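S.K.: Fold the following, please.
(one chain, ligands or ions: 2)
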Amino acid sequence: MLIAVLGAGSWGTTLAVLLARKGYAVNLWAHRPEFADQLAAERENRRYLNGVHFPDTLRVFTSLHEAVSPADMVVTAVPSQALRETVEQIRDLPMQGRVIVNVAKGIEMNTGKRMSEVLLETLPGLQISCVAALYGPSHAEEVSKEQPTTVVASSPSVETANRVQEVFHTSMFRVYTNTDIIGVEIAGSVKNIIAIAAGISDGIGYGDNAKAAIITRGLAEMSRLAVSLGGDPVTVSGLAGIGDLVVTCLSRHSRNRYVGEEIGRGRSLDDVVTHMNMVAEGVFTSKAVYDLCRTRGVEMPITQAVYEMLFEGKPVQQAILDLMTREPKKEVY
Ligand SMILES: NC(=O)C1=CN([C@@H]2O[C@H](COP(=O)(O)OP(=O)(O)OC[C@H]3O[C@@H](n4cnc5c(N)ncnc54)[C@H](O)[C@@H]3O)[C@@H](O)[C@H]2O)C=CC1
Ligand SMILES: O=C(CO)COP(=O)(O)O
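M.R.: Ligands and ions are numbered 1, 2, ... in the order given. Sure, this is the predicted structure:
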């Protein structure tokens, strides 16, 4: 069994190390050749995961073809907006017999597609039954230190979900299965937008009431979008939904919450993201989901507020006032 992991950021590296620690042969592909050379020489990822040493069965690749060709399973861990251009480079490789596990959390801008849809569109011969999403509350900083973590392996195929569970499960990384990949992908992507809102609340100095409101009402909009796209509302109350929403809205590790916090303190989006060396998926996904919910007629007021603050220059205080002074509603409708 050989597993290729595409993307040597903090999450790709963490999963590559987890799998190699389990004894699998792992081919880790890094986007930038000079960075791949550095990883191969230092046998750790000092940029994203300092101090986590690579087991001997982990090999680093600069060539995508060489990394993927012999692989039985391919884990896609590049930022969501780079998934299409990355897998387009391997569209000539046969996909039959391989399982693709996507771990990037986001919705593609301009198309509004989920990551499994991007994979299916881009890789000829790939069947949805061979695609899985591995999502849930799992900050790389904690997983790499083998701290207790729970995630969900989701695929419309029970066999594929079980296979992914078996491959990734460890005593400290507990993998559940689920067959609602639509609900899992929507939940895991929308939570990044809501985490930006939670960060903004932190940056302004609001307290626990505001945070609880954002989490709970964020969950409601995540649920409405998932259902409108054919997902199961029960998924949203699981690890990919409430689990990941809670961790991302509360954690000091969250890049999305951090972006929001800095905006809440008065910095501009451009200033924050250009000084970060990590991806904050919620920025791009807020644009994609804003378009998606308008097209589908799904009410997502927090997402709309985040989009307007990030991309239309709406002042933060105005966005909050607009949110709070909408017409009174029933809690469930
Ligand atoms: N870091 C974490 O704790 C977790 C991250 N994720 C998800 O995993 C995905 C990857 O995130 P991280 O590993 O944290 O990224 P990161 O922020 O640590 O690093 C970004 C990585 O993307 C690469 N990259 C940038 N542009 C690229 C391109 N055009 N093509 C290919 N690669 C490119 C960079 O070289 C770098 O390796 C994201 O969708 C994130 O939401 C999911 C669960 C946990
Ligand atoms: O998805 C994550 C944890 O489950 C990572 O969240 P951030 O990208 O906000 O750090």
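
S.K.: For the stretch 51-200 of the chain, which segments count as strands?
M.R.: Assigned by DSSP state E, counting those that start in this stretch, the strands in the stretch 51-200 of the chain fall at 58-61, 73-76, 99-102, 131-135, 149-154, 173-178.

S.K.: hey, which of those is tucked in deepest?
M.R.: Of these, the one with the most neighbours on average (mean count of other C-beta atoms under 10 Å) is strand 131-135, at a mean of 29. To be clear about C-beta, it is placed using only N, CA and C from the backbone, and glycine gets the same treatment.

S.K.: Show me what that strand is packed up against.
M.R.: Packing partners of strand 131-135 (3 or more C-beta pairs under 8 Å, 6 or more residues apart in numbering; DSSP states H and E): strand 99-102, helix 115-122, strand 149-154, helix 158-168, helix 181-204.

S.K.: try 10 Å
M.R.: Packing partners of strand 131-135 (3 or more C-beta pairs under 10 Å, 6 or more residues apart in numbering; DSSP states H and E): strand 73-76, strand 99-102, helix 115-122, strand 149-154, helix 158-168, strand 173-178, helix 181-204.

S.K.: Out of those, which gets nearest to ligand 2?
M.R.: helix 181-204 (5.5 Å; C-beta to the nearest ligand atom).

S.K.: Would you mind listing what in this structure touches ligand 2?
M.R.: On the criterion C-beta under 6 Å from any ligand atom, ligand 2 has as its neighbours in the chain the residues 105, 137-139, 192, 195, 244, 247-248, 253-256, 281.

S.K.: Narrow these to those in helices?
M.R.: Of these, the ones assigned to helices by DSSP state H are 192, 195, 244, 247, 248, 255, 256, 281.

S.K.: Just read off the phi/psi values of residue 330.
M.R.: phi -80, psi 150 (degrees, to the nearest 10).

S.K.: Hmm, residue 89 is touching residue 83, no?
M.R.: No - with contact defined as C-beta atoms under 10 Å, residue 89 does not reach residue 83; the gap is 11.3 Å.

S.K.: how's the protein carved up into domains?
M.R.: 2-179, 182-325 (the TED database).

S.K.: got any residues that touch both of residue 89 and residue 83?
M.R.: The contact sets of residue 89 and residue 83 overlap at 6, 122 (C-beta atoms under 10 Å, 6 or more residues apart in numbering).

S.K.: These two - which one has more neighbours?
M.R.: Remark: of residue 89 and residue 83, residue 83 carries more neighbours, 23 against 14, as counted by other C-beta atoms under 10 Å.

S.K.: The more buried one against residue 6, yeah?
M.R.: Yes - Residue 83 lies in contact with residue 6 (C-beta under 10 Å); the separation is 8.9 Å.

S.K.: which residues are common contacts for those two?
M.R.: Common neighbours of residue 83 and residue 6 (C-beta under 10 Å, 6+ apart) are 76, 77, 102, 104.

S.K.: between the residues you listed, which is nearest residue 303?
M.R.: Nearest to residue 303 among those is residue 104, at 19.1 Å by C-beta to C-beta.

S.K.: okay, now that closest one: neighbour count?
M.R.: Using other C-beta under 10 Å, residue 104 has 28 other residues around it.

S.K.: Now do it against residue 19, distance only.
M.R.: Look at residue 104 and residue 19: by C-beta to C-beta, to the nearest Å, they are 17 Å apart.

S.K.: what about the closest residue to ligand 1 within the stretch 151-300 of the chain, which helix or strand?
M.R.: In the stretch 151-300 of the chain, the residue that lies nearest ligand 1 is residue 278 (3.2 Å; C-beta to the nearest ligand atom). Assigning secondary structure by DSSP states H and E places residue 278 outside every helix and strand.

S.K.: What of residue 13?
M.R.: In this assignment (DSSP H and E), residue 13 forms part of helix 10-21.

S.K.: Just the angle for that helix relative to strand 149-154, thanks.
M.R.: Between helix 10-21 and strand 149-154, the angle comes out at 90 degrees (axes from the mean of the first three to the mean of the last three C-alpha atoms, to 10 degrees).

S.K.: what about helix 10-21, distance to the chain center?
M.R.: 15 Å (C-alpha atoms, centre = their mean, to the nearest Å).

S.K.: Name the residues of stretch 301-316 that are buried.
M.R.: By 16 or more other C-beta atoms under 10 Å, the buried positions in stretch 301-316 come out as 301, 302, 303, 304, 305, 306, 307, 308, 309, 310, 314, 316.

S.K.: got the contact list for the first one?
M.R.: It stands for residue 301. Residue 301 is in contact with 217, 218, 220, 221, 293, 319, 322, 323, 326, 329, counting by C-beta under 10 Å, 6+ apart.
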